Every structure is written in structure tokens, then in C-alpha cells.
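[1] Predicted model follows, preceded by the sequence.
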Amino acid sequence: MPTLRQLEYLATVVDTGSFTRAAEQLHVTQPALSHQIRALEVALGGPLLERLPRAVRLTPTGRAVLPHARAALAEAERLHAAARRTAGLEEGELEVAVVYSVSLGVLPPVLRDWRRLHPGVRIRLREYAHADRLREAMAEGRADLAIGPAPTGWEGPIRELGVEEFTVVLPAEDPLADRPAGTVGLAELADRDWVHYAPDNGLADLLDQVCARAGFHPRAAIRAEQTSAAPLLAAAGLGPALVPADIVPAHFEGALLRPDPPVLRTLTAYTRTRPDSLTVAFADLLARRVRIGPEVSRRPVPDASG
């Protein structure tokens, strides 16, 4: 199989009209150049060049091969240029996989800033309801970067981004809504029916775990498939909801209370292999945007939820 080097040598000999001048331009010895041309001729099954006393002339086979050689060299240069532009964050595409809560809360301002900073680099987003599905998708090669709770048993690079804080949502008219401290112990809500999550939504596991720490199992008034529906259902009076603080709209009509102790979850970015420059740049921007929780009573929940 011809190599790009051999094709380059052929095109240079033709362009300069001389093995001597071609060798000088390529910074190789003339014997090395001749050897590569002979190897190319062997690979293609016939002579490509006729060596005249003062010039070099293409054979019929050489005339047929040369356009393809030039096309291959041009394509290789385009490939190298694309790689350089990607390394320079000028253009390319990055496939990012996330759990739902990240795509609703943390990610939108990151994508806005990324678009402003790197308009030529497209983002393809894949969303998963549970961190286990996210991990499986990443292991199967469906994305370049995964963002979610730390994956159990992951052998590739993992970068801790920061802490995601959760809030309890209640109706604005709830008796607990006007607390001066703005906090609530989950045990105080043990006798309530909750806005829970569907079993395939990873936040269902999280809610069960933190309520178990508080000494009870949350009864479900309703189970939401979509994470974004939970705060709306809670504000409508169907029961308290535990949601990532970042997904709550700025002008939300419900009451937001901080659990005491806080409910926090460490977010990570992980890849299968050492990340390239695009992936690192995106993770850097993401890390600056992740909400950092309070320094006291920081007890992240188990990293198995979505």
C-alpha cells in the first residue's frame, strides 16, 4: 500500500523535474528518494517515471496515478488543518452526555458561554435519566465526555467539578414557607406525601437515601418522569419535592427551603481515555460554573443517582 510520504516524493519529483532538486526540497538524500519511488512503483505494479538525461517524464501509469496522489496529499493536509483547528478550539464537535438534572441546571449557562467563546465548536448533547445509564453510554463510546455523579468502578480519568446543592420546594402558602432561617429538616416533612420521581429517574434513589438518613421513607403522592416537573408539582401543592437548586427558575412562585443538614452531591466529568484539548476546555468552563455548596455539614449523597 502506498504511503503518503511516497506520494509526496512522487509529486515533488514531478513538480521540480529532477530527483536532485526534489531531494534538496524534501531534505532527504537522493538514494533515499530513489528508494521510495522504486517502492511506490513496486506497490503500484509498474514504472511511474521515465528518467531522461536532463528531465523526468511521467509514464502512462504515472499520469494516471499523479492526480490521485495529489488528491490524497490535499486531503491529508485538510485533515491536519482540521486537527490543528480543533486543538486550537476553532472548530469541531464535542459529544457531551449528562444526567437530566445537569442539563436542566448547570449546563445551560455553560453552553451559552461556550457558544460565545468557541462559536465554531458544536456541542452534541445526550441526556440520561439515571447515572447508571450515563455510565453505560460513556463506556459504549456514545460521547466524548460524561457529566454526572462519580461513576462506580470507572477506570478512565475522572475530574471532580464541584458540588451540586439541593433545595426543598413547597407551595408559597405552606406554613413552613416563611421561616426566617429558610431551612427545614427533612424529618419535619416525614408525615407528608411527596412529589417523588419515577423509578428510572436517578433522583428517586437520591430522595429515598436522604430521607432514610432522616429516619423515614417518603410516601409518594405522585411520581414525576421529568425532573423539571417536580418543582412545579410541589409549588402546586402536591407535596414537597427535593430538587437541584440550579433547575429552579429565577422567578419561581413556590417556596424554596434549604435542607438542614444540606443535601449535596459531587459532580464529576469523566472520559474513557486522556481527554483532548476540546474536552479539557469544556470541563474547565463547566468547573467554573458548578454551584459550590456551603463549607459546613458537607455530606455528599452516594454517587449512584441521576
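    Right, received. Where do you want to start?
[2] Could I get the buried residue list for stretch 160-177?
    For stretch 160-177, the neighbour count (16 or more other C-beta atoms under 10 Å) marks 161-171, 174, 176 as buried. (Glycine included, C-beta is placed from N, CA and C.)
[3] so how far is residue 271 from the residue sitting furthest away from the middle of the chain?
    For the chain, the largest distance from the centre (C-alpha atoms, centre = their mean) belongs to residue 53, which lies 60.0 Å off. Distance from residue 53 to residue 271, counting by C-beta to C-beta, to the nearest Å: 60 Å.
[4] about what we covered before: could you save the buried residues of stretch 160-177 as TSV and add columns showing secondary structure and pLDDT?
    Output for the buried residues of stretch 160-177, formatted as TSV (DSSP: H, G, I helix; E, B strand; the rest coil; pLDDT from 0 to 100):
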residue	secondary structure	pLDDT
161	strand	91
162	strand	88
163	strand	88
164	strand	88
165	strand	92
166	strand	95
167	strand	96
168	strand	97
169	strand	97
170	strand	97
171	coil	96
174	coil	95
176	coil	94
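[5] so where do the strands sit in the chain?
    Under the criterion DSSP state E, strands of the chain are mapped to 49-51, 56-58, 92-99, 121-128, 145-149, 158-170, 183-184, 193-197, 219-224, 241-244, 255-259, 264-270.
[6] Let me know which of the ones you listed is the nearest to residue 204.
    Nearest to residue 204, of all the strands of the chain, is strand 193-197, at 3.9 Å by C-beta to C-beta.
[7] Please compute how far that closest one lies from its chain's middle.
    A distance of 31 Å separates the centroid of the chain from that of strand 193-197, by C-alpha atoms, centre = their mean, to the nearest Å.
[8] and the angle from it to strand 219-224?
    Computed by axes from the mean of the first three to the mean of the last three C-alpha atoms, to 10 degrees, the angle separating strand 193-197 from strand 219-224 equals 40 degrees.
[9] what mean pLDDT does strand 193-197 have?
    The predicted model gives strand 193-197 an average pLDDT of 98.
[10] Stretch 29-40 too?
    In this model, stretch 29-40 has an average pLDDT of 93.
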